[in-house]
Each structure stands twice: as C-alpha cells, then as structure tokens.
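> Got a predicted structure plus its sequence, pasted below:
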Amino acid sequence: METVFQHLMQGFEVAVTPINIVWVFIGGLLGTVIGMLPGLGPATGVAILIPITYSMSPVTALITMCAVYYGAMFGGSRASIMINTPGDASAIVSCFDGYPMTKNGRAGEALAISAIASFIGGMLGMIFLIFLTEPVAAMALKFGPAEKFSLMLFALTATVTLSEGSIIKGFFSMGLGFMLSTIGIDGQSGSIRFTFGLESLQDGIDFLVAMIGLYAVAEVFKNYRTINVQYDVDAKTIGKVWIKWTELKKSLIPMLRSAPLGFVVGVLPGMGGTIATFLSYATEKSLSRNPENFGKGEIVGLAAPESANNSCSCGAMVPLLTLGIPGSGTTAVMLGALMMLGVRPGPILFEQHPEIAWGVIASMFLGNIILLIINMPLAVPLVQLLRVPQRIMLPLILGMAFMGTYFLNYSSFDFIIVSVFAIGGYMMAKLEIPIPPLVLALILGGMTEQAYRNALVISDGSFATFFQKPISLALLICAGISLIYALKKNKKITAYHP
Amino acid sequence: MTKDRTTGLASLAIGSIYCLSTFRVPIFEAGDDVGPRAFPFLVASVVLVCGILLLIRDFRTAHRKPFSWGFAEDRRVWMWILLTIAGGIVYGLVLDWLGYLIATFLFMAFVTFFINGGKHLENLIIAASFAVVSFVVFAVILKLSLPRGLLSVILSF
C-alpha cells in the first residue's frame, strides 16, 4: 500500500509541472471539441491529434494524449444532450434523458450534471485503477510466451464476441487485422512477407496510418450522406450551467453506484463504454421509484451512465498500461500513440520506468479536474461549435487527417495507405463488418505471432504447451466461455427475430 | 447478393490469395524452427472458415435481404469519396515539390470546392486559413520540419 502511494506521489512530481498543466488543458479542450462533434468519436480524436505531441518530451506527450482521450470522453455526451446526436456509441444512452432535459428547458442542468458525473466517475475509476495496476502488472511479469499468446487470444475473442455485430464477421475482421500485421519483414527470420514487391511495405503497415484511414477519413465518408444537416443550438435557451443541490443529492448515489460497474466493464476486453452505459441505465431504471420518468428527462438517467462511462475509460487503462493490451478501438489508438512515442506499455513499464507509468496515472487525476473546469464554465461557448455546418467541418477533419498522416513518417506513400484503409473502412461499415477486431489484431498481430512461435519453439512444436500451463489454460477456457456465451446470445436473438 | 454472401465471397477470395502467397514466403536457415509461414497459415485458415460459414448461413437464411453498394442511389457520396481519395493521393505526390503551404492550400481548396459547393470566397478563406494556421502551429511554434518547396526562399527559417 505504501509503495503505491510513494509511486503515485512520484507520478505527481513528474506530472504537475506548468508546461504539463498547460498541455493537459489544451489536450483536454481539443479532445472535448473532437469528442463532441457528431459521428467523430474518441478514437478519431486521438488519431488526428497525435501530431501535436511530436516536439514534446515523452512524458508530456503521453500526458497530452491522455488528456485528449479523457477530453473526448467528457465531450462525447455534449452532442447527445444538445442535438440528440451522440458523438460516439458510448454517448447513445446520454440521448435518452439528456435531450429530453434540453427540450424541457433544462439544458444548463443537463450539461452541468453530465460534467459532474463524468468527474465523479473518472475520479472513482482512477482510485480503482491505482490499486489494481500494481498487482496486475506483477502477475503479468510471470507470463511466458504460452500465457501471452493465450491472453491475446482471449482479448481478441472477447472483442469479437462481446462487441456488436455478427461473430463470424468479427472473426473475419480479426483475420484481416492479423493478415495486415504480417506484411513486411518478419522480425524472427528476416523473410520478407506479403509486400508484393513494394519496397515501401517492407517496414510493415504503420498502425496509426491505418487508424486515421479507418476512423477519421472513413467517418468523413459516412458523414457525406448527411452533409446538409444543420444543428440548431441556441445559447440563450441553455441557461446557467449549474445544478441545484437537491438534484445533485438525488443523483449522487446512482453516480457512486455506476462507477464501480463501469470500471469492471472497462477492465474486461471487448466490453467498452457502450455496454457500461446501457448496463448502468438499466440498473438505475430498475432501482428507481419512478421508472416511468426515465426517457422523459430524468436527471438520474443522465448522471449514472455518464459516471459509468468515465469510470469505464479508467478501467480500460488497466489492461492497456499493465498488459499492453487494448480492449477497444480507442485504447488501441492510444496504444499506437504510446508506442510511437517510444513507450511500450506492459508490466515492464511499471518495473523499469515507473515515473512514466505513474506520471500518466497522476496526470489523469489532474486531467479530470481540469476537464471539469473546461466543461462547466466553458460549456456554452463549446456547444456553439455544434452549429458549424458539416460542409465546413468535414473538409477541416480531412485536412487534419491527411496532415496527421504525413507527420507520422513524412512519407507520401502513406497517403495511398490511408486512402485504402478509408475506403476499406467505409465498405466494411456498409457490410456490417465490425472494425475494432481488425484494429486490435493489427496492433497485437506482431506480438501474438511472436508469442505463438516462441511458445512452440520452447515446447518443440507441441501445441499441448498452451493447455498444460494453468494460466494459459484458464485464459483459453475464458475465451471458450465468451464464444459459447455469444453463440447462445445469438441463438436467442435469432429465435426472437427469425 | 446479400451482405453475408458478399462478405463470405470476399473472405474466401482474400483467404485464398493470402494462403497462396504464404507458400511463396522464403524460408531461411536462420531464425526459429517454427518459421515465418506457420502463423499466416493459421490466419488464412480462420479467414477461409469464416467465408465458408458465412456462405452456409446465407444459404440457410429463408428471407434474404438484398444488399446494394448504393452506387446509383448514393452516386454523389461515391463520387465525393473518389474525389477525396484522388485529391489525397495527388496532395501526397506534390507535397515535397510545392511545399506544405501551397499543397495544403490546394488540397483544402479542392475538397471544400466539392463539399461546400460554390461559395468560392468562403472556400478560399477556409483553405488559406487552414494551411497558414497549421503551418504556424507545427512549423513555427512546435518547430516540426515541414517541406517549404517553392516557397523555400521566403520561408528559409
């Protein structure tokens, strides 16, 4: 316990410098703006804002990226509340009661409780995160290649089975991600694989270039359909962004209850903010004395999922920081950004560079406070941005996406790669093929293959090694359970909707 | 053609090409015993199985919903997508030669021209502001190296 506090204090020493505070503010503000724009979620925000960190020291860069990630989480629900259009899937639930509150002339209260709930959820999530990281990292240090392979298999299977959409298409998407990850020079044997004679592909496909294509540019393509939509946000009708004590008191217990729920969901791979917010909403509705008020502007119906969502985003940082395994598209982009900055998250990070790992954790505390400040007094000017027409917003996002791509490697060949991924992402969306499994497999592909081959080399080619080691076996059983659960769930859905 | 059938056929095509390409991966004496082909074969088999399962599911579905890419009804969207990609690739090709400022201005003017329609003055202002502001932020304030191209004489800092 003492060492946890010591490490955290050390983290604060690293994080709390004037320059870092300024960047947390800027990163949080930019993240809030991007997270707020309809259709552009946190993954897009993190992907296109990476270039701002290029000239920074690794710690400042990491702290800024975390602020962007966190800001996008805060901002996601602004559009749900104001214009009934969620910034990303995890903000869908905020539409249920947030928008009715706005229609009832309580937009100021809705914006205030959303920021306060995000703050409370985030703070509680941070506390859980602090106590969970050390034991998980210590356990992960004992993992050999067989355990690592099984862990990644479990994380990917869970992402396929627990996320929305068809399971078979999810596995196809995962396969595509693995295929893309094998392009380039094989690190273990030196063979050049699947480059089709193109020299530019020898170093493999840059994960972040793929991300910008799949998320940012493909999202712009999707929004081409709704180009003429003009959102009406009137600052005068918002009123004061504040909340009465009685309303806050009413929401307090639901917010506190939803935070641990959101956190647990966040730690599990594949179960992101969408599931956390829906679960929290359903729980509060069933516990409420007036469930009939839900959906009509019930403040608890907005406060609880907001708290769960931000706590969930802290939970998602546990496997990311301690195991180096992302559980969603957004955390995968975060992992890509960290790796680009030369930081390899995982148990070794906590052992060799505790100042970086704990500096990031401490900065998230700081970020949470700064974001509350951004989202309360600045809420009214920020939501005005929703009035910017799509016709102007989309070219700006395209400009940032292509500029971000160029900054990654200063290679114009990447413009072709980004275009291929953008059109691929658009076609996948049309065919209802989920994108997160591809993203996760692409970033984890190299490590998965390495662990697979190392495990087989150690066991002289025997596959029994994956079943003989207890942790590996347990993880494979978990993967099996998630698959069986998903198949049963699918059968039930098919039975109701043949 | 349904979504399942389209995805299934794509799975089989991609899986087969990948599987055949795996046979062409050179194996060297050096390196581990498992070799560079083992994992790709595993992945190819997963994708091929997915393709077969999708086709079986499609075959067994009683009321198939036809799927369309929307080339006719969403003609404008597809046209814009093609224009964006073409514009992006040309932007990449001329970036070093023209320099960041001019190339970015031209790219932004091009995309705003078809997305934002005939408001030429507004489009030119957006394009110029984006190019100048991003150049100042990244090249001047954050001191990142950006190609100066044709303007290298004026922007020689």
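Perfect, I can see it now.

> Name the residues of stretch A:438-458 that are buried.
Applying a neighbour-count criterion of 16 or more other Cβ atoms under 10 Å in any protein chain shown, one finds A:438-456 buried in stretch A:438-458. Heads up, the C-betas are built off the backbone N, CA and C, glycines and all.

> now, which of these lie within helices?
A:438-456 (DSSP state H).

> out of the residues you listed, who's near chain B?
Among those, the residues that sit close to chain B (Cβ under 8 Å from any Cβ of the partner chain) are A:448-449, A:452-454, A:456.

> Can you lay out these as CSV showing pLDDT?
Output for those, formatted as CSV (pLDDT from 0 to 100):
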residue, pLDDT
A:Thr448, 91
A:Glu449, 92
A:Tyr452, 91
A:Arg453, 91
A:Asn454, 90
A:Leu456, 90
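
> Tell me how many other residues crowd the closest residue to chain B within the stretch 51-200 of chain A.
Using Cβ to the nearest Cβ, the single residue of the stretch 51-200 of chain A nearest to chain B is A:Ser189, 3.0 Å away. Close neighbours of A:Ser189, defined as other Cβ atoms under 10 Å in any protein chain shown, add up to 20.

> Could you check how far it is from B:Pro36?
Separation of A:Ser189 from B:Pro36 (Cβ to Cβ, to the nearest Å): 5 Å.

> Same check on B:Thr112?
Counting by Cβ to Cβ - B:Thr112 and B:Pro36 are separated by 46 Å.

> ditto for A:Ser150
As for A:Ser150, its distance to B:Pro36 is 22 Å (criterion: Cβ to Cβ).

> hang on, the earlier thing: state the phi and psi torsions of the residue of the stretch 51-200 of chain A closest to chain B.
Torsion angles at A:Ser189 (phi, psi; degrees, to the nearest 10) stand at phi -120, psi -20.

> Show the end-to-end separation of stretch A:315-335, please.
15 Å (Cα to Cα, to the nearest Å).

> Would you check that B:Gly117 makes contact with A:Pro395?
No: judged on Cβ atoms under 8 Å, B:Gly117 makes no contact with A:Pro395 at a distance of 11.5 Å.

> out of those two, which sits in the more crowded spot?
More neighbours surround A:Pro395 than the other of B:Gly117 and A:Pro395, with 26 against 12 (other Cβ under 10 Å).

> for that one, what are its contacts?
For A:Pro395, the contact set (Cβ atoms under 8 Å, 6 or more residues apart in numbering or on different chains) comprises B:108, B:111-112, B:115-116, B:126.

> just checking, A:Ile34 touches A:Ile50?
No: between A:Ile34 and A:Ile50 there is no contact under Cβ under 8 Å: 12.0 Å.

> When those two are compared, which one has more neighbours?
A:Ile34 (26 against 23).

> What sits closest to that one if chain neighbours are left out?
Nearest residue to A:Ile34 in three dimensions, chain neighbours excluded: A:Gly45, at 3.4 Å (Cβ to Cβ, 6 or more residues apart in numbering or on different chains).

> Phi first, then psi, for the closest residue to A:Val68 other than its chain neighbours.
Closest residue to A:Val68 apart from its sequence neighbours, by Cβ to Cβ, 6+ apart: A:Gly31 at 3.8 Å. According to degrees, to the nearest 10, the main-chain angles of A:Gly31 amount to phi -60, psi -40.

> Counting neighbours, what do you get for B:Val94?
16.

> do the same with A:Glu355
16.

> do the one 3 residues further on as well
Burial of A:Trp358 is recorded as 25 neighbouring residues (other Cβ under 10 Å).

> Need the pLDDT of it.
For A:Trp358, the model assigns a pLDDT of 89.

> Spell out which parts of the stretch 301-450 of chain A neighbour chain B.
A:391-392, A:394-396, A:398-400, A:402-403, A:406-407, A:410, A:412-416, A:418-419, A:422-423, A:426-427, A:430-433, A:448-449.

> Next, residue 45: phi, psi?
The chain I'm using is chain A. According to degrees, to the nearest 10, A:Gly45 has phi -60, psi -50.

> could you do chain B instead?
Torsion angles, degrees, to the nearest 10, at B:Ser45: phi -70, psi -40.

> Ignoring the adjacent residues along the chain, who's closest to B:Val111?
Nearest residue to B:Val111, sequence neighbours excluded (Cβ to Cβ, 6+ apart): A:Pro395, at 4.5 Å.

> Return the helix or strand hosting the one you found as PDB; C-alpha atoms alone will do.
According to DSSP states H and E, A:Pro395 maps onto helix A:390-409. C-alpha atoms of helix A:390-409 as PDB (Å, rounded to 0.1, in the frame of the first residue of the first chain):
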ATOM      1  CA  GLN A 390     -20.900  19.700 -41.800                       C
ATOM      2  CA  ARG A 391     -19.900  21.300 -45.100                       C
ATOM      3  CA  ILE A 392     -17.100  23.200 -43.300                       C
ATOM      4  CA  MET A 393     -16.300  20.700 -40.600                       C
ATOM      5  CA  LEU A 394     -15.700  17.700 -42.800                       C
ATOM      6  CA  PRO A 395     -13.000  19.400 -45.000                       C
ATOM      7  CA  LEU A 396     -11.300  20.500 -41.900                       C
ATOM      8  CA  ILE A 397     -11.300  17.000 -40.500                       C
ATOM      9  CA  LEU A 398     -10.000  15.700 -43.800                       C
ATOM     10  CA  GLY A 399      -7.200  18.300 -43.700                       C
ATOM     11  CA  MET A 400      -6.200  17.200 -40.200                       C
ATOM     12  CA  ALA A 401      -6.300  13.500 -41.100                       C
ATOM     13  CA  PHE A 402      -4.000  13.900 -44.100                       C
ATOM     14  CA  MET A 403      -1.700  16.300 -42.300                       C
ATOM     15  CA  GLY A 404      -1.600  13.800 -39.400                       C
ATOM     16  CA  THR A 405      -0.700  11.000 -41.800                       C
ATOM     17  CA  TYR A 406       2.100  13.000 -43.300                       C
ATOM     18  CA  PHE A 407       3.600  13.800 -39.900                       C
ATOM     19  CA  LEU A 408       3.800  10.100 -38.900                       C
ATOM     20  CA  ASN A 409       6.500   9.100 -41.300                       C
END
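
> and it, which residues are buried?
For helix A:390-409, by 16+ other Cβ under 10 Å, it's A:390-391, A:393-409.

> Ok, stretch A:126-145 next?
A:126, A:128-130, A:132-134, A:136-137, A:140, A:143, A:145.

> Can you give me the neighbour number for residue 121?
As the question left the chain open, I've gone with chain A. By other Cβ under 10 Å, neighbour count at A:Gly121 equals 34.

> ah, I was thinking of chain B
7.

> Next one: it from A:Val46, what distance?
From B:Leu121 to A:Val46 the distance is 34 Å (Cβ to Cβ).

> Show the contacting residues for A:Ala379.
Contacts of A:Ala379 (Cβ under 8 Å, 6+ apart): A:78, A:111-112, A:115, A:238, A:241.

> quick revisit: so the residue of the stretch 51-200 of chain A closest to chain B is in contact with B:Phe28, correct?
Yes: counting by Cβ under 8 Å, B:Phe28 is a contact partner of A:Ser189 at 5.6 Å.

> Name the nearest residue to A:Thr283, ignoring sequence neighbours.
A:Leu261 (6.9 Å).

> circling back to that earlier point, could I get the contacting residues of the residue nearest to A:Val68?
Going by Cβ under 8 Å, 6+ apart, A:Gly31 touches A:42, A:45-46, A:49, A:67-75.

> how about 6 Å then?
Counting by Cβ atoms under 6 Å, 6 or more residues apart in numbering or on different chains, A:Gly31 makes contact with A:45, A:68, A:71-72.

> from those residues, which single one is nearest A:Val360?
A:Val68 (12.7 Å; Cβ to Cβ).

> burial count for the closest one?
Look at A:Val68: counted by other Cβ under 10 Å, it has 33 neighbours.

> dump the residue contacts of it.
With contact taken as Cβ under 6 Å, 6+ apart, A:Val68 is in contact with A:27, A:31, A:45-46, A:49.

> Selection in ChimeraX covering whichever of the residues you listed are buried, please.
With 16+ other Cβ under 10 Å as the criterion, this ChimeraX line picks the buried residues out of the contacts of A:Val68:
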select /A:27,31,45,46,49
